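Undergrad: my questions concern the predicted model and sequence given below.
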Amino acid sequence: MQTVFHLITGDPGGQDTTLTLAENLADDEDVEMDDVVVLAQADGITPLTADGSHEDRVRSLQEKGIAFVACGNTLELRDLTREDLVDGVDVVDSGVTELTLLQSEGYAYIRP
Amino acid sequence: MQTVFHLITGDPGGQDTTLTLAENLADDEDVEMDDVVVLAQADGITPLTADGSHEDRVRSLQEKGIAFVACGNTLELRDLTREDLVDGVDVVDSGVTELTLLQSEGYAYIRP
Amino acid sequence: MQTVFHLITGDPGGQDTTLTLAENLADDEDVEMDDVVVLAQADGITPLTADGSHEDRVRSLQEKGIAFVACGNTLELRDLTREDLVDGVDVVDSGVTELTLLQSEGYAYIRP
């Protein structure tokens, strides 16, 4: 099973919920998860920035096998670079293209 | 056709909209709906609680064949049990696992 | 590839983001997009109304090949008709039925 979480909300509570839900899915021993991806863009990018308050949390989730992906269009629009992100976060050119490609490959889509 | 509505918003207007949209889909005679599911979790759980203001509405929608499912992780986190929910609401261990499984079975996903 | 954007938020920032993301996807030369659809309903209908502030933007996106579809149930509920919408916007009887049908045909779903 493969699932992509769409982290786009700027609401801090919603951002925390997104990370918690990704963790719940990765931790669930009742389902065989091959991939759990968190795709962040627009206002949802902040938890992936290295100066954000979520750095430890993101690193802990990465250790559980959750992949974090940032939208390159969002980075450009906000004058951010890969260096501004938590280590290990992947950058794709376009978040919506990635969401389209992942769903075409069979990923479930969850937008908290 | 099968569709799962993701009821996660804590906004009362958004919660009402979710129920209305599920009803619209179940009522639509132009499409053969085999299953319409409302999966509630996080702040979206409140309309499914028996002391909530939505009890009559949920029961009426159940009579139209709409299935309501609550996330067990959410119940645990909020010290709620099955007895706190409207009669007939199913409980699954993990809402995000259920959303993943349903989509892998071909359910459409709608997040109002 | 085919993608439907679900424009349902009443938040002006979220509405703008939805249009920007649809544009990003249509403009992306790295992916072959056969169809990019923006399905508007509930509070998300306003950018598609002819008296709204988004008329020029919507027309510009239509010229890029993005299709705009409005939910007929929403129009009825708000006493709007096809004539109140930007030229070229399609109207379907039910937005949620359309979202279900499109996903059953393989469209990716993105809810900004």
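TA: Structure's in. What do you need? Residues are numbered from 1 along each chain as shown, chains lettered A, B, ... in the order given.
Undergrad: near chain B at all, the helix or strand containing A:Thr18?
TA: When secondary structure is defined by DSSP states H and E, A:Thr18 falls within helix A:12-27. Yes: taking C-beta under 8 Å from any C-beta of the partner chain as the criterion, helix A:12-27 and chain B are in contact, through A:17, A:21-22, A:24-25. In this view, the C-beta of every residue, glycine as well, is placed from N, C-alpha and C.
Undergrad: of those residues, buried ones?
TA: A:17, A:21-22, A:24-25 (16 or more other C-beta atoms under 10 Å in any protein chain shown).
Undergrad: what parts of chain A come near chain B?
TA: Residues of chain A lying near chain B (C-beta under 8 Å from any C-beta): A:1, A:3, A:17, A:21-22, A:24-25, A:28, A:30-31, A:33, A:106, A:108-112.
Undergrad: and the residue of chain A at minimum distance from chain C, how far from A:Glu23?
TA: Relative to chain C, the nearest point of chain A is A:Gln103 (3.8 Å; C-beta to the nearest C-beta). For A:Gln103, the distance to A:Glu23 equals 22 Å [C-beta to C-beta, to the nearest Å].
Undergrad: in terms of neighbours, single out the busier of these two.
TA: A:Gln103 (24 against 18; other C-beta atoms under 10 Å in any protein chain shown).
Undergrad: now do the contacts for A:Met33.
TA: A:1-3, A:25-26, B:100 (C-beta atoms under 8 Å, 6 or more residues apart in numbering or on different chains).
Undergrad: returning to that earlier point: which members of the buried ones among the residues of helix A:12-27 next to chain B are the farthest-apart pair?
TA: A:Thr17 and A:Leu25 (12.6 Å; C-beta to C-beta).
Undergrad: just the buried residues of the next helix or strand after the helix holding A:Thr18, please?
TA: As assigned by DSSP H and E, the chain's next helix or strand after helix A:12-27 is strand A:35-40. Within strand A:35-40, the residues scored as buried using 16+ other C-beta under 10 Å are A:36-40.
Undergrad: ok, now stretch A:43-53?
TA: So, applying 16+ other C-beta under 10 Å, buried residues of stretch A:43-53: A:43-49, A:52.
Undergrad: so in terms of bridging, what pairs with the residue in chain A positioned nearest to chain B?
TA: Closest to chain B within chain A is A:Ala108: 3.8 Å, counting by C-beta to the nearest C-beta. According to DSSP bridges, the partner residues bridging A:Ala108 are A:Thr3.
Undergrad: the inter-axis angle of the helix holding A:Thr18 versus strand A:35-40?
TA: 170 degrees (axes from the mean of the first three to the mean of the last three C-alpha atoms, to 10 degrees).
Undergrad: restrict helix A:12-27 to CA atoms and write it as CSV.
TA: Presented in CSV, the C-alpha positions along helix A:12-27 are these (Å, rounded to 0.1, in the frame of the first residue of the first chain):
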residue,chain,number,x,y,z
PRO,A,12,-0.7,24.9,12.8
GLY,A,13,-3.3,22.5,14.2
GLY,A,14,-3.9,21.0,10.8
GLN,A,15,-0.2,20.7,10.1
ASP,A,16,0.3,18.8,13.4
THR,A,17,-2.7,16.6,12.6
THR,A,18,-1.2,15.8,9.2
LEU,A,19,2.1,14.7,10.8
THR,A,20,0.2,12.6,13.4
LEU,A,21,-1.9,10.9,10.8
ALA,A,22,1.2,10.0,8.7
GLU,A,23,2.7,8.6,11.8
ASN,A,24,-0.4,6.6,12.6
LEU,A,25,-0.4,5.1,9.2
ALA,A,26,3.3,4.2,9.2
ASP,A,27,3.0,2.7,12.7
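Undergrad: and that helix, how far from the chain's centre?
TA: In terms of C-alpha atoms, centre = their mean, to the nearest Å, the centre of helix A:12-27 is found 10 Å from the chain centre.
Undergrad: list the contacts of A:Leu25.
TA: A:3, A:31, A:33, A:36, B:94, B:96-97, B:100.
Undergrad: one step back: thought the residue of chain A closest to chain B was touching B:Glu105?
TA: No: using C-beta atoms under 8 Å, A:Ala108 is not in contact with B:Glu105, being 10.1 Å away.
Undergrad: quick one: contacts for the residue most central in space within chain A?
TA: Residue closest to the average C-alpha location in chain A (C-alpha atoms, centre = their mean): A:Val38, at 2.3 Å. Contacts for A:Val38 (C-beta under 8 Å, 6+ apart) come out as A:4-5, A:7, A:18-19, A:22, A:61, A:66-69.
Undergrad: got CSV for these, with distance to C:Arg82 too?
TA: Listed next are the contacts of A:Val38 as CSV, based on distance: C-beta to C-beta, whole Å:
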residue, distance to C:Arg82
A:Val4, 36
A:Phe5, 37
A:Leu7, 36
A:Thr18, 37
A:Leu19, 43
A:Ala22, 42
A:Leu61, 47
A:Ile66, 45
A:Ala67, 44
A:Phe68, 43
A:Val69, 40
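Undergrad: in the helix or strand harbouring the residue of chain A closest to chain C, which residues are buried?
TA: Taking DSSP H and E as the criterion, A:Gln103 maps to helix A:95-104. Of all the residues in helix A:95-104, those buried under the rule 16+ other C-beta under 10 Å are A:95-103.
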